[in-house]
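Asker: task: produce atomic coordinates for the following.
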Amino acid sequence: MKKTALILLFACIFFSSCKDNSIKYNGPDVINIVLREEFDLNASSQDPLSYHSDNERNVTVSPNGVIYGKNVGEANVTISNTEKQLSIPVIVSLFEEPTLKFGASTKEIKALYGEPKHNLGDSVYIYGSGQDWYSWAAWEMDFFFDDDHYYESNIYIRNDLELLLNKYLDENYFFNKILTDTIDGEERTLYIYLDNKNPNDAKVIVGKQYNAGPYKDILLVYAPSDALNIASRRK
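Answerer: Next up is the predicted model:
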């Protein structure tokens, strides 16, 4: 009887020490989401998991492990069980910029963004638009192609986010100049930003236009730097 009890005690101790208390998480090392977006951490463990955000002003996390981008900024989300914990940085951006891989084919754009909601042949791909916004801050993102080569992208940002948008542009680009253009008899003003302080070294230009589209929102035009010379000749 004593021998049986010892065997059972040994088995209990052995299997307890061999228990896998690891946290299984297969997501990115750094999570990038946009404002008001949710992301399911999809973590698992043999023990119950708990979640914590060190900056709930920017990022909240539900008891089920779904994070939410509450404000633009950063936070660290911790996943923990009784023995282990894992911390993951989370960055909340105002919006997702279009890919800057100018020259990409329509096939490559589809690989990145899926099938467009609307398209004008293979010359314009439209994501978002109408009631189905691209994201909370951006209602539409368009890609323009010439002979199956991507040369420009437009993204429409809601106008009540002007202050946040200007802050984003000032932190990530360099203001260059103001250009005026006339299209179909209507004058258009573009505030030009570059990805380099020295215009000769710039590879990307971003043009900002107010009162654009059916919602009179803010239009951002992304194009390669040589488009700046074309726009300047139009002035």
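Asker: from Lys110, how far off is the spatially most central residue of the chain?
Answerer: In the chain, the C-alpha nearest the mean C-alpha coordinate belongs to Glu96, at 3.7 Å (CA atoms, centre = their mean). Per CB to CB, to the nearest Å, Glu96 is found 16 Å from Lys110. Where you see a C-beta, it was placed from the backbone N, CA and C, and this is true even at glycine.
Asker: roughly how far apart are Leu161 and Ala138?
Answerer: Noted for Leu161: a distance of 9 Å to Ala138, by CB to CB.
Asker: so those two - more neighbours on which side?
Answerer: Neighbours per residue (other CB atoms under 10 Å) separate Leu161 from Ala138, with Ala138 holding more: 25 against 20.
Asker: now for that one: which residues touch it?
Answerer: Listed by CB atoms under 8 Å, 6 or more residues apart in numbering, the contact partners of Ala138 are Phe95, Glu96, Gly128, Ile155, Tyr156, Ile157, Arg158.
Asker: and for Ser129?
Answerer: Lys117, His118, Trp139, Glu140.
Asker: re the thing from before, give me the nearest residue to the residue nearest to the centre of the chain, chain neighbours excluded.
Answerer: The shortest distance from Glu96 to any non-neighbouring residue, by CB to CB, 6 or more residues apart in numbering, is to Val34 (5.4 Å).
Asker: I figured that neighbour hits Ile91, correct?
Answerer: No - under the criterion of CB atoms under 8 Å, Val34 makes no contact with Ile91, lying 9.8 Å away.
Asker: which SS state does the residue nearest to Thr106 when sequence neighbours are not counted fall under?
Answerer: Leaving aside its sequence neighbours, Thr106 sits nearest to Asp122 (CB to CB, 6+ apart; 5.3 Å). Following DSSP: H, G, I helix; E, B strand; the rest coil, we place Asp122 in the coil state.
Asker: what about Asp122, how many neighbours?
Answerer: Using other CB under 10 Å: Asp122 sits among 13 other residues.
Asker: OK, contacts around it?
Answerer: Thr106, Phe145, Asp148.
Asker: most neighbours among the residues you listed, which one?
Answerer: Highest neighbour count within these: Phe145, with 20 neighbours (other CB under 10 Å).
Asker: quickly find the element holding that residue.
Answerer: Per DSSP states H and E, Phe145 falls inside strand 138-146.
Asker: after that strand, next one along is what?
Answerer: strand 149-157.
Asker: and that following strand, what does it pack against?
Answerer: Judged by 3 or more CB pairs under 8 Å, 6 or more residues apart in numbering; DSSP states H and E, strand 149-157 is in contact with helix 106-113, strand 138-146, strand 217-224.
Asker: would you turn those into TSV with distance to Asp54 and mean pLDDT?
Answerer: Output for the helices and strands packed on strand 149-157, formatted as TSV (distance: least, CB to CB, whole Å; pLDDT from 0 to 100):
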stretch	distance to Asp54	mean pLDDT
helix 106-113	32	97
strand 138-146	28	96
strand 217-224	32	96
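Asker: I'd like to know which of those is closest to Phe175.
Answerer: Of all the helices and strands packed on strand 149-157, strand 217-224 sits nearest to Phe175, with 13.7 Å by CB to CB.
Asker: angle of that closest one against strand 138-146?
Answerer: Angle of strand 217-224 versus strand 138-146, following axes from the mean of the first three to the mean of the last three CA atoms, to 10 degrees, is 30 degrees.
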